[in-house]
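> just the structure for this:
(one chain, ligands or ions: 1)
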Amino acid sequence: MNKIASTASNLGAIDAAHHLHPFSNMKKLNAEGTKIINRADGVHIWDSTGKKYLDAFAGLWCVNVGYGRKSIADAAYAQMQELPYYNTFFGTTTPPTTLLAQKVAEKAGPTLNHVFFSNSGSEASDTWFRIVRVYWKALGHETKTQVIARKNGYHGSTVAGASLGGMKWMHEQGNLPIEGIHHINQPYWYAEGGDMTPEDFGLKVARELEDKIIELGEENVAAFVAEPIQGAGGVIVPPSTYWPEIKRICAKYKILLVADEVICGFGRLGTWFGHQYFGFEPDLAPIAKGLSSGYLPIGGVLVSDRVAQVMMDEVGDFYHGYTYSGHPVAAAAALENIRIIEEEGLVERVRDDIGPYLAEALASLADHDMVGEAVSVGLMGAVQITADKATRQRFKKPDDTGASVRNQCVNAGVVLRATGDRMLFSPPLIISRSEVDQAVGALRDGLDWLKDNRGEG
Ligand code: PXG
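Numbers count the residues shown, from 1 in each chain. Just a heads-up that it's a prediction; the model follows:
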């Protein structure tokens, strides 16, 4: 046990007294007690009672190379001794910052050759939101300020991030969205596709983008943003028709396409970036999470040549940045993280081996009475719970249903995420076949439990 943990035996009580948690009902959490996680290795975490869990969610979609990577700790330690901090504001940079920009551009290419660093995905959302407006203004299109996003998308918790996201319950807290942001429907065929085929539905919701552009006026629209696969919204894998149509519409109306790569980036889909999986080239792409595998906070926005050129030639000073933009220690950790992904061939492993294995394992749940669909791309998967397979009917309280199955899994030692009634997988990219079996097996047991205890649902 490390020094910090060993000095406080009553951490639960201290936590209840002083720590306000993100996205939490504090009254309920304090009554139930916080789970203290104090150790991790590989794909496993341990809580303060000594209980071991398989973390099939990679922390929060982020620990792509798994826990316990000494070389990342060493890289951060060495950098901290050499140069713990310097800024990138007034004509300066640090070696790891610049080398990380080069490395990320190499992976994202061919046109995403520039990076603006932030410390998180939310800050990355605020960054590109400002860039797209600055871009159009510099080109003389002063009115091109409106941004179109999607219902049930997630782009972070800052004011711009939460506004761009399409979570109604977030908007209700704080008069969001801010002015200039519009939401169209998501490509969630299972819940919203009715009698349509997934392909027809994919086209229909993509064409809502065209309708919205026409409604707002092409001359007023700056950009469209979407996650290649919606993550927090429930791993919504779009029908095959969706992205090609979005690509066509953005090109036709010359609006900037922003692919939020915060979850899909850095190998999760068996490609370096999600847009590569779907075969399109965004103009901007926020990144975070897998950039450092969560070892230190760092994010950024990948910027295409088209946009960067205008920033260089026309914008002059861009009055935006964070004290810790391109933090050298975080950048050193990120560089080592990417080196590991390359050296161990983790992207290829996801694409050719463990991703297809997870898909097969999830497919084995498809016959279960409680399962509506089981989908995955690479190591990003979802199992949709249904009250009635034939009619795609949902349980009356989807959030409670998902949470109850999740609790079963956690009690059995497997950490998954539930979004409503979708059970989500996003394990470290190093997960083994037997660990996939264990995780999917725990979900199967949870679904059996649900079947036996479904009550009136
Ligand atoms: N974009 C996407 C696509 C994300 O998933 C962010 C931006 C914001 O990143 P930061 O680093 O500011 O959190 C995210 C974050 C969940 C959950 O419950 C998902 C995220 C964050 C917290 C919880 O699934 N994604």
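
> tell me the contacts of the single nearest residue of the stretch 251-400 of the chain relative to the ligand?
Scanning the stretch 251-400 of the chain for the residue nearest the ligand gives residue 262, at 3.4 Å (criterion: CB to the nearest ligand atom). Quick note: C-beta positions are derived from backbone N, CA and C, even for glycine. Residue 262 makes contacts with 121, 124, 155, 156, 227, 231, 286, 287, 288, 289, 299, as judged by CB atoms under 8 Å, 6 or more residues apart in numbering.

> neighbours around the third one, how many?
With neighbours defined by other CB atoms under 10 Å, the count for residue 155 comes to 30.

> tell me the residues of the stretch 251-400 of the chain that contact the ligand?
Contact residues, the stretch 251-400 of the chain versus the ligand (CB under 6 Å from any ligand atom): 260, 262, 263, 288, 299.

> circling back: so which of the contacts of residue 262 is the most crowded?
When neighbours are taken as other CB under 10 Å, the top entry among those is residue 286 (33 neighbours).

> wait, it touches residue 122, no?
No. The pair residue 286 / residue 122 is not scored as a contact, 9.1 Å apart, by CB atoms under 8 Å.

> mutual contacts of these two, please.
Common contacts of residue 286 and residue 122 (CB under 8 Å, 6+ apart): residue 155.

> which residues of the stretch 51-200 of the chain fall in helices?
58-61, 70-82, 95-108, 121-138, 159-164, 168-171, 189-192, 198-216 (DSSP state H, counting those that start in this stretch).

> which one of the ones you listed lies closest to the ligand?
Nearest to the ligand among these is helix 121-138 (2.2 Å), distances taken as CB to the nearest ligand atom.

> roughly how far does the residue at minimal distance from the centre of the chain sit from residue 40?
Nearest residue to the geometric centre of the chain (CA atoms, centre = their mean): residue 263, 2.7 Å. As judged by CB to CB, to the nearest Å, residue 263 and residue 40 stand 20 Å apart.

> can you check residue 242 too?
Separation of residue 242 from residue 40 (CB to CB): 36 Å.

> quick one: which of those two has more around it?
residue 242 (23 against 17).

> leaving out chain neighbours, which residue sits closest to the more buried one?
residue 202 (3.9 Å; CB to CB, 6 or more residues apart in numbering).

> phi, psi of residue 343?
Backbone geometry at residue 343, expressed as degrees, to the nearest 10, gives phi -60, psi -40.

> which SS class is residue 382?
On the three-state scheme (DSSP: H, G, I helix; E, B strand; the rest coil), residue 382 is labelled strand.

> now residue 29. Nearest residue, chain neighbours left out?
Nearest non-adjacent residue to residue 29 (CB to CB, 6+ apart): residue 21, at 6.2 Å.

> what does residue 236 give?
Spatial nearest neighbour of residue 236, excluding adjacent residues (CB to CB, 6+ apart): residue 230 at 4.1 Å.

> could you report the distance from that neighbour to the ligand?
Going from residue 230 to the ligand by CB to the nearest ligand atom, to the nearest Å gives 8 Å.

> so what's that residue up against?
Residue 230 makes contact with 150, 152, 153, 154, 186, 188, 236 under the criterion CB under 8 Å, 6+ apart.

> now with 7 Å, please.
Residue 230 is in contact with 152, 153, 186, 236, counting by CB atoms under 7 Å, 6 or more residues apart in numbering.

> which of these lies closest to residue 368?
residue 236 (20.4 Å; CB to CB).

> mind checking the SS state of residue 372?
Of the three states, residue 372 takes strand according to three-state DSSP.

> correction: residue 270
Strictly by three-state DSSP, residue 270 counts as coil.

> please apply the same query to residue 361.
helix.

> next, count neighbours for it.
Counted with other CB under 10 Å, residue 361 comes out at 21.

> residues near the nearest residue in space to it that is not next to it in sequence, how many?
Counting by CB to CB, 6+ apart, residue 440 is the residue found nearest to residue 361 once chain neighbours are left out, at 4.3 Å. For residue 440, the neighbour count with other CB under 10 Å is 25.

> confirm for me that residue 440 is in contact with residue 362.
Yes. With contact defined as CB atoms under 7 Å, residue 440 reaches residue 362; the gap is 6.4 Å.

> and the residue nearest to residue 154 when sequence neighbours are not counted, how close does it get to the ligand?
Closest residue in space to residue 154, ignoring its immediate chain neighbours: residue 232 at 3.7 Å, by CB to CB, 6+ apart. Separation of residue 232 from the ligand (CB to the nearest ligand atom): 4 Å.

> so what pLDDT did residue 232 get?
Note on residue 232: pLDDT of 98.

> does it lie in a helix or a strand, and which?
Using DSSP states H and E, residue 232 falls within no helix or strand.

> about what we covered before: closest to the ligand out of the contacts of residue 230?
Within those, proximity to the ligand (CB to the nearest ligand atom) peaks at residue 153, which comes in at 7.6 Å.

> now, which of the contacts of residue 230 lie close to the ligand?
Among the contacts of residue 230, not one lies near the ligand by CB under 6 Å from any ligand atom.

> among the residues you listed, which pair sits farthest apart?
Maximum pairwise distance among these (CB to CB): 9.2 Å, between 153 and 236.

> chain neighbours aside, what residue packs nearest to the residue nearest to the centre of the chain?
Distances taken as CB to CB, 6+ apart put residue 231 closest to residue 263, at 3.9 Å, once the chain neighbours are dropped.

> just to revisit the earlier point, I'd guessed the residue nearest to residue 154 sits against residue 153; true?
No. Counting by CB under 7 Å, residue 232 stays clear of residue 153, with 8.5 Å between them.

> residues contacting residue 398?
Residue 398 neighbours (CB under 7 Å, 6+ apart): 420, 421.

> just the pLDDT for it.
Residue 398 is assigned a pLDDT of 93 by the prediction.

> same thing with the one 10 residues further on?
At residue 408 the predicted local confidence, pLDDT, stands at 97.

> before we move on, what about residue 315?
Here, the pLDDT recorded for residue 315 equals 93.

> buried set for the helix or strand hosting residue 348?
Assessed by DSSP H and E, residue 348 sits inside helix 346-349. Under the neighbour-count criterion of 16 or more other CB atoms under 10 Å, helix 346-349 has 346, 347, 349 buried.

> for residue 163, state which of these is nearest.
residue 347 (32.5 Å).

> fine by me, we can end here.
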